[in-house]
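# what follows is a predicted structure for the sequence shown.
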Amino acid sequence: MAFVSGGCGRAAVEAPRQARGVACGVSAQSRVRAQRRARAMGARMMAAGKAEEVDQSGFDKIVAESNGVPILVDFFAVWCGPCKLMAPLMDWAVSHYGDKLKIVKVDTEKNPAFVKRYKIYGLPTLAIFKDGESIAQVEGAMSKQAIQDFISENLPELKA
């Protein structure tokens with residue numbers, strides 16, 4: 001039996017299975033269907049709204065002009081896998097919370113001052129700002145329900 005280096009969390013995958021187009025027990029046809037569903041879901045989420053990416057000056061302007069509207073900030077990096085998982089959820093949050101919550105994204109690679117300023121130790125990091133001050137922060141990828149809970153706990157007026 002020949003073994004080759006494999007992905008998907010396995011140390012090795014049988015070479016004959018890979019030759020048939022089956023990796024990690026998932027057929028090529030199943031992968032294509034999953035990719036189509038993901039694209040369709042992403043298109044629906046993006047059509048509803050998209051989180052705005054800002055830099056240092058744009059962030060300061062948004063915070064200054066928030067007029068009491070809380071801000072949810074997604075600190076991310078383009079190379080961060082969990083950050084990529086969070087992107088569609090941030091777009092969902094834009095459509096779900098509307099004008100009650102401003103949602104922005106900050107690329108920490110392009111804006112390294114944020115890392116030190118807000119003590120960001122891991123990515124992704126979500127932070128809630130209210131009246132110009134950071135009132136809550138959490139790091140790591142989260143589910144939609146966990147994001148809703150995080151927002152509700154720290155901004156009871158937005159409880160869903």
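Received it, and whenever you're ready, just let me know what you need. Everything quoted here is computed from the prediction, not taken from an experiment.

# all helices of the chain, in order?
Using DSSP state H, the helices of the chain run over 15-19, 28-48, 56-64, 81-97, 113-117, 144-154.

# among those helices, which gets the worst mean confidence?
Confidence, taken as mean pLDDT, is least for helix 15-19 of these (a mean of 40).

# any idea of the pLDDT on Ser5?
34.

# report the buried residues of stretch 58-67.
Phe59, Ile62, Val63 (16 or more other CB atoms under 10 Å). For every residue, glycine as well, the C-beta is placed using N, CA and C.

# turn the residues you listed into JSON lines, including distance to Leu72.
Output for those, formatted as JSON lines (distance: CB to CB, whole Å):
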{"residue": "Phe59", "distance to Leu72": "12"}
{"residue": "Ile62", "distance to Leu72": "11"}
{"residue": "Val63", "distance to Leu72": "12"}
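
# going by distance to Cys83, which of those wins?
Ranked by distance to Cys83 (CB to CB), the buried residues of stretch 58-67 are led by Phe59 at 17.1 Å.

# now the closest one, nearest residue through space, not along the chain?
Val106 (6.2 Å; CB to CB, 6 or more residues apart in numbering).

# and Phe75, by the same measure?
Per CB to CB, 6+ apart, closest to Phe75 is Thr125, 4.3 Å.

# spatially central residue in the protein, please.
When the chain is reduced to its mean C-alpha position, the closest residue under CA atoms, centre = their mean turns out to be Met86, at 1.7 Å.

# Val54 versus Ile135, what's the distance?
19 Å (CB to CB, to the nearest Å).

# what about those two, which has more around it?
Applying other CB atoms under 10 Å to Ile135 and Val54 shows that Val54 carries more neighbours, namely 18 against 12.

# ok, the more buried one - contacts?
Ile62, Val104, Lys105, Val106 (CB atoms under 8 Å, 6 or more residues apart in numbering).

# most surrounded residue in the residues you listed?
Of these, with other CB under 10 Å as the count, Val106 tops at 23 neighbours.

# hmm, Ala113 and that one touching each other?
No - using CB atoms under 8 Å, Val106 makes no contact with Ala113, being 10.1 Å away.

# perfect, that will be all.
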